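Peer 1: Sequence and predicted model, in that order:
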Amino acid sequence: MTSTTANRSVRSKSAHSKKAGKPPAISDELKVIGRRVPLLDALEKVTGSFKYAVDISLPGMLVGKILRSPHPRARMLGIDVSKAAALPGVMAVLTPDDVPQEEWGERSFNHRGRVLSDEPRFVGDEIAAVAAVNEHVAEAALALIEIKWEVLPHVFGIMEATKPGAPQVAPYGNVRSSVVEDGDLDKGFKAADLIVEHETTMGHQSHAPLGRNGCVATWEGNKMTMWTGSQTPFQIRDELARILKVPQNWVRLVGMPTGASNGLWWACNFHFIAAFLSRKARRPVKIELTQEEAMATVKRRETPISWGRLGVKRDGTFTAIHFKHYFDNGAHGYKAYPFESVSDLWGRHRPAIRFEFYGVNTNTPNAGCMRGVGDLTMTFCTEPLIDKAAAELGMDPLEIRRKNHIIAGDPIHSQKNIYKRFNVPFPGEYLTSGGMDQCMEKGAAAFGWKEKWRGFGKPTAVDGNKIRAVGMACACHICGGRHLGGPSVIIKVNHDGSINLLTGAGRMGQGVETTQAQIAAEELGVPVESITGTHGDSDVCPWNPSSVGSVNSHQTGMATKAAARDAKEQILLLAGRELGVPAGELDIKEGWIHVKAERDKRIAFSEMTRKLHPEWLTPPYIVGRAASNLPVGQIAKMFMAHFVEIEVDTETGVTTLVKIVAVHDSGRIINPSICENQVSGGALIGSGFALTEELVWDAKTGRVLNPNFADYKILNALDAPQMDISFADVVDPVGPFGIKSIGEGATCPTPAAIGQAMYNAIGVRLNAPFTPERVLDAIRERRTERSRQ
């Protein structure tokens, strides 16, 4: 349960009401931003009329099914599909020979390999596909495909894959590396009074969004249309056009909503397979992934193994930070840099830093971006290192963090690798705003940190076999970035004053439909109810880098605000002629166009738009267009501090979440209800990564053993503790109306905070997840060590 305020319906009254009497006074305060505006798609959701990709059905539609590799690494020596093709009801069969054998995907973010491969690299890799009149025929056809294999040596372990002579997972080698560094590392460690080290890892994590996904592809002449749930509609459109060898305007991608994504539903192989099946069969084809396929074959988070070293002065000032961070890219991932912000976070006193990153390929399910990309795993690795230093120095964990976190104006180094990736000179970047102090102070007060903190390795309370302990952690995360490209937005003002908002953003339950409408309404000075949106339709909406990297509220919001301003300036120019004053002397507030110096001299927004479009003319739209343009040299980051209390049962090893206090600096809060839900959901997901979640595969075959919600243990509402969520009072100077971002960062501090609490409860630092078995093993080992002493 959360302690957040219940949603309150906010409805702006029509400014051009026909009710007699003097209109209400106009205020300069923000009218829409910061309000608990209900989700604009709430009615569709609660009535069950909300449509997902799996709900799409077209006349003559076929069912597509995918044949997957039974081997972790193999070479196809021959394939016979004659029996499958001859089966009544089968309309198309695809093999690797039927599709281009080039690898697709942007290598830095979502590299995936071939559409169908004759040299699969993990159990579950796509090797063939069929389209048939129903699911039963399609499944029967897959069973008739005969393949002769040469099974090849494979490697599953991260460190094993880095050794000389290890089986080569990919033709480009198993390891790619990158470095973020600043200052003289040797000099920094020599200046330290204390040096601490720490090594840690986490389990293999699944995105595990609720609700299955799929796609429908159909061709009409040379043009293909696809419906799919995705957070990256334009990435799918662009990659489909490239692999299909057609112009981009021959591919229409209709981005449907997903119940969630967490980074999973980007461009995926099943999109390409459906497109090729449909083109071959000349009929619509629908592919709906099973839960097992979604969890075992699409993507997972890159698993980390990290070693860190920290140099500290006696007063707690950091002098040097050195990390070696290995992360598992799985079979096809190509990352050399995890897109983290942690290398920036502790730079107040300009310590020398060297963060070495090694992306490693293994013959395991593909890995890639996931909610909190880079920073969730890096935070879990860095925070215990800081705790060790604080413990040695006798400092409170809050005290040492207050002393070292970055503030507005401090230099940012983490983006250097991105500029290098695109061969662009690094201009030097500086933080636009930072509220970490507020996050820690507000969080500590709400949590009762002073009263509960007993010291490192000391529980808060012990009651028989129940031990309570507290912990805290800090994190930061990106708010989009120049490397993602600038989102574009179009705003169309209709002659009745209603407004259409068009963005290419992906819809995955994060509330982008509502928040972007709020930004547009605030800039235009109109009620939010007058705005409807279309999102993610590549034939209708302008290009967008997609809903990744926490880009929407900050970066897409910039474009929405600018497009609204463009439309507003056009309206004011014409309204100035009507009112007989220069456009610069006019403004729009609460649905009224008014003279700034004479607020009683005004005209209703909708009345003005009607005057602009006489009935006897075809009404031209007023169209506002803009793309976001992040200023060079300035970068925004969100900050958060999470405080947790847990209870550990020393007889069963079960850990119960008691309380979470989360305070976030996300700039001006655009919609408290949406932001509170983002934080509560993110904190619960992060708690699951700490306590229960881990994909497991067979050590001999590489087959995922728990690709379902019965065996992959996510936390649910019954596991949720009391939550206290609040926000720092920060207004970012660059973001739209001072807004930053929120969604991804909400996951990042919680696993590390629970890790600190676990150490304080049982006296052992554990690798995640802290399953009952691991907790009990640690307690037994601890008792054995004590008995030997």
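Peer 2: Thanks, I have it. Numbers count the residues shown, from 1 in each chain.
Peer 1: Show me what the mean pLDDT comes to for stretch 241-259.
Peer 2: If you average the pLDDT over stretch 241-259, you get 95.
Peer 1: Ignore what I typed, I meant stretch 711-719.
Peer 2: Mean pLDDT, computed over stretch 711-719, is 95.
Peer 1: Check the offset of that stretch from the chain's centre.
Peer 2: Relative to its chain's centre, stretch 711-719 lies at 20 Å (Cα atoms, centre = their mean, to the nearest Å).
Peer 1: all helices of the stretch 651-789 of the chain, in order?
Peer 2: Assigned helices in the stretch 651-789 of the chain, in chain order: 672-691, 749-762, 772-788 (criterion: DSSP state H, counting those that start in this stretch).
Peer 1: Could you list every helix and strand that the second one packs against?
Peer 2: Yep, that's helix 749-762 we're talking about. Packing partners of helix 749-762 (3 or more Cβ pairs under 8 Å, 6 or more residues apart in numbering; DSSP states H and E): helix 375-393, strand 466-478, strand 637-649, strand 655-665, helix 672-691, helix 772-788. All C-beta spots, glycine's among them, are computed from the backbone N, C-alpha and C.
Peer 1: Tell me which of those sits nearest to Tyr337.
Peer 2: With Cβ to Cβ as the measure, helix 375-393 is the member of these nearest Tyr337 (11.3 Å).
Peer 1: Per-residue pLDDT of the residue nearest to Ile742 when sequence neighbours are not counted, please?
Peer 2: Distances taken as Cβ to Cβ, 6 or more residues apart in numbering place Ser666 nearest to Ile742, at 4.2 Å, with adjacent residues excluded. pLDDT recorded at Ser666 is 97.
Peer 1: wait, doesn't Ser666 sit right on Ser726?
Peer 2: No: using Cβ atoms under 8 Å, Ser666 makes no contact with Ser726, being 11.1 Å away.
Peer 1: Of the two, give the one with the bigger neighbour count.
Peer 2: More neighbours surround Ser666 than the other of Ser666 and Ser726, with 31 against 21 (other Cβ atoms under 10 Å).
Peer 1: which ones are touching that one?
Peer 2: The contact partners of Ser666, taken as Cβ atoms under 8 Å, 6 or more residues apart in numbering, are 553, 638, 675, 727-728, 730, 739-742, 745.
Peer 1: now with 10 Å?
Peer 2: Residues near Ser666 by Cβ atoms under 10 Å, 6 or more residues apart in numbering: 435, 477, 479, 550, 553-554, 636, 638-640, 675, 678-679, 727-728, 730, 732, 735, 739-743, 745-746.
Peer 1: Now do the helices in the stretch 101-250 of the chain.
Peer 2: Listed in chain order, the helices of the stretch 101-250 of the chain (DSSP H, counting those that start in this stretch) span 135-144, 158-161, 185-190, 233-244.
Peer 1: So which elements touch the first one?
Peer 2: Judged by 3 or more Cβ pairs under 10 Å, 6 or more residues apart in numbering; DSSP states H and E, the packing partners of helix 135-144 are strand 62-68, helix 82-86, strand 90-94, strand 126-132, strand 285-288.
Peer 1: for these, which one sits closest to Cys541?
Peer 2: Using Cβ to Cβ as the measure, strand 285-288 is the one of the helices and strands packed on helix 135-144 that comes nearest Cys541, at 23.4 Å.
Peer 1: so where's this protein shaky on pLDDT?
Peer 2: Residue ranges of the chain with pLDDT under 70: 1-28, 106-110, 417-418, 421-422, 482-483, 613-621.
Peer 1: on that earlier part again, can the helices of the stretch 101-250 of the chain go into TSV with extra columns for mean neighbour count and distance to Lys442?
Peer 2: As requested, the helices of the stretch 101-250 of the chain are exported to TSV (neighbours: other Cβ atoms under 10 Å; distance: least, Cβ to Cβ, whole Å):
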stretch	mean neighbour count	distance to Lys442
helix 135-144	17	53
helix 158-161	18	38
helix 185-190	15	32
helix 233-244	22	37
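Peer 1: Please produce CSV containing these, extended by distance to Ala583.
Peer 2: Listed next are the helices of the stretch 101-250 of the chain as CSV, based on distance: least, Cβ to Cβ, whole Å:
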stretch, distance to Ala583
helix 135-144, 61
helix 158-161, 61
helix 185-190, 57
helix 233-244, 34
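Peer 1: Which among the contacts of Ser666 count as buried?
Peer 2: Listed as buried from the contacts of Ser666 are 435, 477, 479, 550, 553-554, 636, 638-640, 675, 678-679, 727-728, 730, 732, 735, 739-743, 745-746; burial here means 16 or more other Cβ atoms under 10 Å.
Peer 1: in the stretch 501-650 of the chain, which spans are strands?
Peer 2: According to DSSP state E, counting those that start in this stretch, the stretch 501-650 of the chain carries its strands in the segments 531-535, 586-589, 592-595, 598-604, 622-627, 634-635, 637-649.
Peer 1: tell me how far the longest one is from the chain's mean position?
Peer 2: Once both centres are worked out by Cα atoms, centre = their mean, strand 637-649 turns out to sit 20 Å from its chain's centre.
Peer 1: Kindly report the same for stretch 216-224.
Peer 2: Chain-centre distance of stretch 216-224: 30 Å, with Cα atoms, centre = their mean.
Peer 1: what's the span of that stretch, first residue to last?
Peer 2: 10 Å (Cα to Cα, to the nearest Å).
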